[in-house]
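Enquirer: Okay, predicted coordinates and the sequence, questions at the end:
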Amino acid sequence: MTTTEQPPTDSMRRFDELLRADEKIEPRDWMPDEYRKTMIRQIAQHAHSEVIGQQPEGNWITRAPSLRRKAILMAKVQDEAGHGLYLYAAAETLGISRDELNQLLHTGRQKYSSIFNYPTLSWADIGAIGWLVDGAAITNQVMLTRTSYGPYARAMVRICKEESFHQRQGFEIMVTLTRGTDEQKAMAQDALDRWWWPSLAMFGPPDADSTHTEQSMAWKIKLETNDELRQKFVDMTVPQADHLGLRIPDPDLVWNEERGHYDFGEIDWDDFWQVVKGNGPCNRERIASKVRAWNDGAWVREAAAAHAERQRRRAAGNGGSNGRSSGRDRDTEVRR
Amino acid sequence: MSYDVPPIEGETDPEVVGTTGGHPLWEVFVRASRGLNHVHCGSLHAPDAETAARNARDVYTRRSEGVSVWVVPSAAIHASDPDDRESWFDSDKPYRHPTFYEIPDEVGHM
Ligand SMILES: [Fe+2]
Ligand SMILES: [Fe+2]
């Protein structure tokens, strides 16, 4: 990992100037070590979340209720893989390698969003995830399209363009279920009951307890606080639940005319921290599946590297002695 | 909300093995439609150029964002130094811009 020691004061001044002018910080610019570390931690955690987030939904691909739903779910899960890759690429511009990032995830030294440690128990969960989990993610990610680190902001722009489909397809599943049989309505309500509070917790601890918020705001990594984003999400989602005819599992939820926002109940932060610490229902399974997939893919990565090496040698060998035939060989290989 | 997750008998967490095999990094450029430049859109790891191009299609053009893809080994890119920007990109020659010149109004658009 690249680090810069003892900032020359000019560089520091330049960094502050760029931030003040709402200009982006780019990979080759000088930046404080702490900014670099914070950025790596945040982008990596975000990338890991996209990648691990494929598992709860991937769980339902083979059991999607129609070919249409199955094609949609596959496209969504594939998008999440893509999001992970955009973000890993952004993290690598800060001087950390892909291997290090993988190792940090696989050995539990870097986290991913705790929301993915809850199980998907019924098809309605796929609706609830798209609607609530992607909905919450979008609220956060729209803010991050304006974050101060250039490659992160650009990855967010790509991601936000794709997320809107994720949320809409989830909401459509909920609409279909709530217009269905009593049993289907009950499934939809049950999914909302289980996903509501974890979705609110996705925004992170309350501002009063959030250790990083102040510095992140000063560096313009974050532009809105956890509580502000959470409020935005609640205000946006309650009318959608009303439209579905579903009840949000919070007895304290009430419109506050004075504030112009919904008031809502206290999140069970003990439960949240338990899941963060690794004691959620699926923590071990998620990492174990990820590591297994990585290990099972080792022979593919090795074979691809060996193939590339052989092609390189063959091209170099033929090119030296007989240009014409090597050209023909390469043509046939490309066409094959 | 609590879930009861019973341990599976004989279950152990797998050991982590292997690395990316050191697949090099490639920069990806996509031409959105005919008549436009290829524009940088990100990077990826791949063992060779052909695989890099194919992966670039899967990663960066899932919604027909492009009609052509370039992949370039990241190591082949030589960049200017951000600290040299003042001597490299000078902004003190306003006479290089059309707005520097006064043209009498009656001449009209030029
Ligand atoms: Fe995503
Ligand atoms: Fe998504």
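Expert: Okay, I see it. Ligands and ions are numbered 1, 2, ... in the order given.

Enquirer: Next SSE downstream of the helix ranked longest in chain B?
Expert: Longest helix in chain B, counting residues (DSSP state H): helix B:49-60. Per DSSP states H and E, the first helix or strand lying C-terminal to helix B:49-60 is strand B:68-73.

Enquirer: So what are the sheet partners of that next one and their directions?
Expert: strand B:25-31 (antiparallel) (DSSP bridges).

Enquirer: Tell me where chain A is predicted with low confidence.
Expert: A:1-8, A:318-336 (pLDDT under 70).

Enquirer: Swap in 50 and give it another go.
Expert: A:1, A:320-336 (pLDDT under 50).

Enquirer: Stretch A:163-180 vs ligand 2: in contact?
Expert: Yes: part of stretch A:163-180 sits near ligand 2 under the criterion Cβ under 5 Å from the ion, namely A:163, A:166. Any C-beta I mention is one placed from the backbone N, CA and C, and that applies to glycine too.

Enquirer: Name the surrounding residues that touch that stretch.
Expert: With Cβ atoms under 8 Å, 6 or more residues apart in numbering or on different chains as the test, stretch A:163-180 has contacts from A:69, A:72, A:76, A:79, A:123-124, A:126-132, A:134-135, A:137-138, A:141, A:184-185, A:187-188, A:191-192, A:240, A:244-246.

Enquirer: Does the longest helix of chain B reach chain A?
Expert: Yes: interface with chain A: helix B:49-60 contributes B:50, B:51, B:58, B:59, B:60 (Cβ under 8 Å from any Cβ of the partner chain).

Enquirer: And these, which is closest to ligand 2?
Expert: residue B:59 (15.4 Å; Cβ to the ion).

Enquirer: From the contacts of stretch A:163-180, keep the buried residues only.
Expert: A:69, A:72, A:76, A:79, A:123-124, A:126-132, A:134-135, A:137-138, A:141, A:185, A:187-188, A:191-192, A:240, A:244, A:246 (16 or more other Cβ atoms under 10 Å in any protein chain shown).

Enquirer: hey, which helix or strand in chain B has the poorest pLDDT?
Expert: helix B:85-88 (a mean of 81; mean pLDDT, DSSP states H and E).

Enquirer: how deep is residue A:261 tucked in, by neighbour count?
Expert: Other residues within reach of residue A:261, judged by other Cβ atoms under 10 Å in any protein chain shown, total 13.

Enquirer: State the helix or strand in which the residue nearest to residue A:203 when sequence neighbours are not counted lies.
Expert: Leaving aside its chain neighbours, residue A:203 sits nearest to residue A:230 (4.2 Å; criterion: Cβ to Cβ, 6 or more residues apart in numbering or on different chains). Element membership of residue A:230, judged by DSSP H and E, is helix A:226-244.

Enquirer: and the next element down the chain from that helix?
Expert: Per DSSP H and E, the first helix or strand lying C-terminal to helix A:226-244 is strand A:254-256.

Enquirer: quick one: contacts of that next one?
Expert: A:262, A:263.

Enquirer: the strands in the stretch 1-150 of chain A, which residues?
Expert: Counting by DSSP state E, counting those that start in this stretch, the stretch 1-150 of chain A has no strands at all.

Enquirer: any weak-confidence spans in chain B?
Expert: B:1-2, B:5, B:17-19.

Enquirer: hmm, 90 instead?
Expert: B:1-22, B:79-94 (pLDDT under 90).

Enquirer: To what extent is residue 49 buried, counted in neighbours?
Expert: Using chain A here. Neighbour tally, residue A:49, other Cβ under 10 Å: 21.

Enquirer: meant chain B actually
Expert: Counted with other Cβ under 10 Å, residue B:49 comes out at 14.

Enquirer: which ones are touching it?
Expert: Counting by Cβ under 8 Å, 6+ apart, the residues that residue B:49 touches are B:26, B:71.

Enquirer: Over to residue A:236?
Expert: So residue A:236 contacts A:135, A:139 (Cβ under 8 Å, 6+ apart).

Enquirer: ok, it to chain B distance?
Expert: Residue A:236 sits 23 Å away from chain B, going by Cβ to the nearest Cβ, to the nearest Å.

Enquirer: one step back: filter the buried ones among the contacts of stretch A:163-180 by proximity to ligand 2?
Expert: Applying Cβ under 5 Å from the ion to the buried ones among the contacts of stretch A:163-180, those adjacent to ligand 2 are residue A:134.

Enquirer: From the buried ones among the contacts of stretch A:163-180, which land in helices?
Expert: A:69, A:72, A:76, A:79, A:123-124, A:126-128, A:134-135, A:137-138, A:141, A:185, A:187-188, A:191-192, A:240, A:244.

Enquirer: State the number of residues packed around the spatially closest residue to residue A:110 that is not a sequence neighbour.
Expert: Leaving aside its sequence neighbours, residue A:110 sits nearest to residue A:104 (Cβ to Cβ, 6+ apart; 4.0 Å). Neighbourhood size, residue A:104 [other Cβ under 10 Å]: 18.

Enquirer: The host helix or strand of residue A:271 packs against which elements?
Expert: Secondary structure assignment for residue A:271, by DSSP H and E: helix A:269-274. Using 3 or more Cβ pairs under 8 Å, 6 or more residues apart in numbering or on different chains; DSSP states H and E, the elements in contact with helix A:269-274 are helix A:182-201.

Enquirer: what does the helix it packs on contact?
Expert: A:114-115, A:118, A:121-125, A:127-129, A:132-133, A:135-136, A:174, A:176-178, A:230, A:233-234, A:241, A:244-250, A:264, A:267-269, A:271-272, B:1.

Enquirer: Pull the distance from the helix holding residue A:271 to the chain's centre.
Expert: Mean-position distance between helix A:269-274 and its chain equals 21 Å (Cα atoms, centre = their mean, to the nearest Å).

Enquirer: Just the buried subset of the residues of helix B:49-60 next to chain A, please.
Expert: For the residues of helix B:49-60 next to chain A, buried by 16+ other Cβ under 10 Å: B:51, B:59, B:60.

Enquirer: residue in the stretch 201-336 of chain A nearest to ligand 2?
Expert: Closest point on the stretch 201-336 of chain A to ligand 2, by Cβ to the ion, is residue A:202, at 12.3 Å.
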